[in-house]
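**Student:** only the shape, not the letters, is given here:
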Ligand SMILES: [Zn+2]
C-alpha cells in the first residue's frame, strides 16, 4: 500500500482473520512502509490487544464489523488511494459499468457509504446495507475499504478501484463517461456468480456446505503459532 502511494503518514491498516477467532493486524501510528512481523499485533473479536506491543488502529471497529457481517471475509484492507479517495470527497461513485470486466470482478457498483464522523455508530453501521454483495466500499470523505478471502484478493480489489477511478477521470477529460449497455449487465452478473463472486455465489456455496481449505488452514495455524511463541 505504501509503495503504491495509497497511504501517507500513518494512514491505512490491514487485518487478517485467524482460525481461533482472533485477528492479526497492523499497529496504529506506524508508516505502512515499516510494518514487519515484529510489530504486528493480535486482537480479539472486541478489538483488545492479546499479543504484541503496538496499539490497535481507530478503524479496527470497521474491520470487526465487516468480519461479523461476512463470515467469508478473511482479510480487510483500508487505505486512502488518492484518486478513488478524491471521488469519495467529491461524492462521486466509481463506476464499474464503464467496462465489462469490472462488473464481473466487483459487481454493478462500488457503493459510496455516506459520511459519518469516526466513532459515531453510523461510521460502522453505514456499511451494513452494502456489505452483502460488495467487496470494496468507497467511504465518503475518507477512503477505500476492501475485503477478500485472502490478503492478495483484497489488495487487488483496491488496486482495481483506484485504477477504475483513473479511467473514469480520463474518460471525463476526453469526452464522456459512458456505460456498457444495460442489457449486457445481467449476463456479466451471472458470470460473476459462476466465478464464485458476490452474494449469490456465497449463498449457493453455503447451501452446498463447503469444507475448509486445508492449505489455508495450515498457513494460518503456522502464523498463529509463530506469533504466540
Ligand atoms: Zn482512513
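**Tutor:** Structure's in. What do you need? No experiment lies behind these values; they were computed from the predicted model shown. Residues are numbered from 1 along each chain as shown.

**Student:** ok, what's across the strand from the most centrally placed residue in the chain?
**Tutor:** Nearest residue to the geometric centre of the chain (Cα atoms, centre = their mean): residue 146, 1.1 Å. Counting by DSSP bridges, residue 146 forms beta bridges with residue 77, residue 136.

**Student:** surely it touches residue 77?
**Tutor:** Yes - here residue 146 lies in contact with residue 77, judged by Cβ atoms under 8 Å, at a distance of 5.1 Å. For glycine as for every other residue, the C-beta is placed from the backbone atoms N, C-alpha and C.

**Student:** and for the two, which residues touch both?
**Tutor:** 154-155, 158 (Cβ atoms under 8 Å, 6 or more residues apart in numbering).

**Student:** quick revisit: how far away is the residue nearest to the centre of the chain from residue 79?
**Tutor:** Computed as Cβ to Cβ, to the nearest Å, the residue 146 to residue 79 distance reads 8 Å.

**Student:** got any residues that touch both of the two?
**Tutor:** Residues touching both residue 146 and residue 79 by Cβ under 8 Å, 6+ apart: residue 158.

**Student:** which ones are touching the residue nearest to the centre of the chain?
**Tutor:** 76-78, 135-137, 154-155, 157-158, 161.

**Student:** between the residues you listed, which is closest to residue 68?
**Tutor:** Distance to residue 68 across the contacts of residue 146 (Cβ to Cβ) is lowest for residue 76, with 11.5 Å.
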